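**Q** No letters, just coordinates:
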């Protein structure tokens, strides 16, 4: 019995094991089919992966192209010692902000012991300039110093320069608006680069600024430049803001720098001639000139009933030479004008010259366009900037015919006006950096006539100092 029972259990267990085996086998057979189906549903194929990668790469390319396009269109801000500005990405549209400020200290000692001194804001000019494409550029410089010319009196603001350039070609462009007359060499030099605080005698004979249109350009690799213009016409050494009569003045200048592109001894040589011609009818605001000394003191003017009438012309040969640290600038001026007092008509021809020599003591090169310090001044550093010494001689002669005749016929009186002024000056500039300059100059001027009885007016001894900020 025991043996049969064991065999029966074994058979039963064997049956159960077989049944279980079939069940497990069935389960094991079904699992791979379900798992593969699920995996196929969630995992992309190689073709799908490649397609997705291509889509992502294209999106990145489009984003990069869009960013590059925006960068090309974005304006570029810039700042340097030449000013602050904003320029379009292609460089054709630009606006720049610059400025000039000059604060003077002035001291006079006369032979009679009179001492006059004081501080003044000589110039304060915010400057806006820029371009509108390749064709048009503009320049605007208002003056807020309160005095246009020291010694003229009055407190006011004005527009010094306001013009538009049409830049058709380097050979020929047009300038329209208020601008410097293209005559005086020292007048045409940027006022921030002039050695002496005040300009020389020739500047008293040539136009300052006028309103009109000028054709200008350069040729032969910029070794020759010219300007010809038609202007309202202005009195010697002064500005004009509006047309004051029906007459116009023609002004022109030819200037050569034949060795400008060479590296020889004469590279800094420039010379030329400039002049004006026109007619004045003596009406309106176009008054006769008043001439000033380097100390900006008036020493000559016509009698109040004298009028300009007929032709006026000016001529000014001029030149400069710069080599390494040495500079020399010279100009000569003639201003001839027909005037009358009552029925007394005369042509008055006034003549002036000035010569300025300079030397940079710290070794930097100098030029008509200023000095750039090799080692700008830095607080606590080794740089001290550039130091320049300079000297000037000059003279202005009034035509003797202006004083001829008696009190009823003469155009000016020697009792109140000098017939000649001669000046010698010395000075030093300390150019701390590209934007900051300290200047001190001394001018000694003598006169012929100008006091009661025709005696010589007192000698002028003028010490001028200046702090200049330019950017």
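**A** Done, it's in. Nothing here was measured: the structure is a model prediction, and the numbers come from that model.
**Q** rest of the way, CA atoms for contacts and neighbours
**A** Noted.
**Q** Spatially central residue in the protein, please.
**A** residue 190 (7.1 Å; CA atoms, centre = their mean).
**Q** How about the secondary structure of it?
**A** coil (DSSP: H, G, I helix; E, B strand; the rest coil).
**Q** same thing with residue 58?
**A** helix.
**Q** list the contacts for it?
**A** Counting by CA atoms under 8 Å, 6 or more residues apart in numbering, residue 58 touches no other residue.
**Q** For the helix or strand containing residue 166, name the packing helices and strands.
**A** Using DSSP states H and E, residue 166 sits in strand 156-169. Secondary-structure packing of strand 156-169 (3 or more CA pairs under 8 Å, 6 or more residues apart in numbering; DSSP states H and E): strand 136-146, strand 172-180, strand 209-219.
**Q** Low-confidence stretches in the stretch 201-350 of the chain?
**A** In the predicted model of the stretch 201-350 of the chain, residues 241-246, 282-286 satisfy pLDDT under 70.
**Q** Tell me which stretches of it form strands.
**A** In the stretch 201-350 of the chain, the strands defined using DSSP state E, counting those that start in this stretch lie at 209-219, 224-231, 249-256, 268-280, 290-292, 298-301, 307-323, 326-341, 344-360.
**Q** Distance to residue 369 and mean neighbour count added to those strands, as TSV?
**A** What follows is those, written out as TSV (distance: least, CA to CA, whole Å; neighbours: other CA atoms under 10 Å):
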stretch	distance to residue 369	mean neighbour count
strand 209-219	17	21
strand 224-231	16	21
strand 249-256	15	20
strand 268-280	11	21
strand 290-292	26	20
strand 298-301	30	18
strand 307-323	10	21
strand 326-341	11	22
strand 344-360	13	20
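**Q** Export these as CSV, with columns for distance to residue 64.
**A** Listed next are the strands of the stretch 201-350 of the chain as CSV, based on distance: least, CA to CA, whole Å:
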stretch, distance to residue 64
strand 209-219, 44
strand 224-231, 47
strand 249-256, 52
strand 268-280, 50
strand 290-292, 66
strand 298-301, 69
strand 307-323, 52
strand 326-341, 55
strand 344-360, 53
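**Q** Show me the one of the ones you listed that comes nearest residue 57.
**A** strand 209-219 (53.3 Å; CA to CA).
**Q** which outside residues touch the closest one?
**A** Under the contact criterion CA under 8 Å, 6+ apart, strand 209-219 has outside partners 160-161, 169-181, 224-234, 238-242.
**Q** how far off strand 172-180 does it point, in degrees?
**A** 150 degrees (axes from the mean of the first three to the mean of the last three CA atoms, to 10 degrees).
**Q** Tell me which strands strand 209-219 pairs with, and in which orientation.
**A** Sheet neighbours of strand 209-219, with direction, are listed as strand 172-180 (antiparallel), strand 224-231 (antiparallel) (DSSP bridges).
**Q** quick revisit: buried ones among the contacts of strand 209-219?
**A** 160-161, 172-181, 224-234, 238-241 (16 or more other CA atoms under 10 Å).
**Q** and the strands paired with strand 209-219 as a markdown table, adding distance to residue 459?
**A** Converted to a markdown table, the strands paired with strand 209-219 look like this (distance: least, CA to CA, whole Å):
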| stretch | distance to residue 459 |
| --- | --- |
| strand 172-180 | 32 |
| strand 224-231 | 37 |
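**Q** out of these, nearest to residue 268?
**A** Using CA to CA, the nearest of the strands paired with strand 209-219 to residue 268 is strand 224-231, at 13.4 Å.
**Q** Check what contacts the closest one and list those residues.
**A** Here strand 224-231 has contacts from 182, 210-219, 248-258, using CA under 8 Å, 6+ apart.
**Q** contacts for stretch 390-398?
**A** In contact with stretch 390-398 (CA under 8 Å, 6+ apart) are residues 195, 200-202, 349-359, 419-428.
**Q** Which element, helix or strand, includes residue 64?
**A** helix 46-73.
**Q** If the closest residue to residue 106 other than its chain neighbours is in a bridge, with which residues?
**A** In this structure, residue 106 finds its nearest non-sequential neighbour in residue 464, 4.7 Å apart by CA to CA, 6 or more residues apart in numbering. Residues in a beta bridge with residue 464, per DSSP bridges, are residue 106, residue 441.
**Q** What is the burial count for residue 464?
**A** Residues lying near residue 464 (other CA atoms under 10 Å) number 23.
**Q** Do you know the pLDDT at it?
**A** Note on residue 464: pLDDT of 96.
**Q** Residue 55 now?
**A** In this prediction residue 55 is given a pLDDT of 85.
**Q** Contact partners for the residue nearest to residue 106?
**A** 104-107, 197, 439-442.
**Q** Surely residue 402 touches residue 409?
**A** No: if you go by CA atoms under 8 Å, residue 402 and residue 409 don't touch, sitting 9.7 Å apart.
**Q** higher neighbour count, the two?
**A** residue 402 (22 against 17).
**Q** Who does residue 312 form a beta bridge with?
**A** residue 278, residue 337.
**Q** measure it to residue 334 for me?
**A** Distance, residue 312 to residue 334, by CA to CA, to the nearest Å: 11 Å.
**Q** Off-centre distance for stretch 185-199?
**A** 13 Å (CA atoms, centre = their mean, to the nearest Å).
**Q** Touching it from outside, list them.
**A** 100, 180-182, 200, 203, 208, 294-296, 318-319, 331, 368-371, 390, 427, 429, 439-441, 464-466, 468, 470.
**Q** Show me just the buried residues among the residues you listed.
**A** Using 16+ other CA under 10 Å, the buried ones in the contacts of stretch 185-199 are 100, 180-182, 200, 203, 208, 294-295, 318-319, 331, 368, 370-371, 390, 427, 429, 439-441, 464-466, 468, 470.
**Q** thought residue 440 was touching residue 466?
**A** Yes: if you go by CA under 8 Å, residue 440 and residue 466 touch, sitting 6.5 Å apart.
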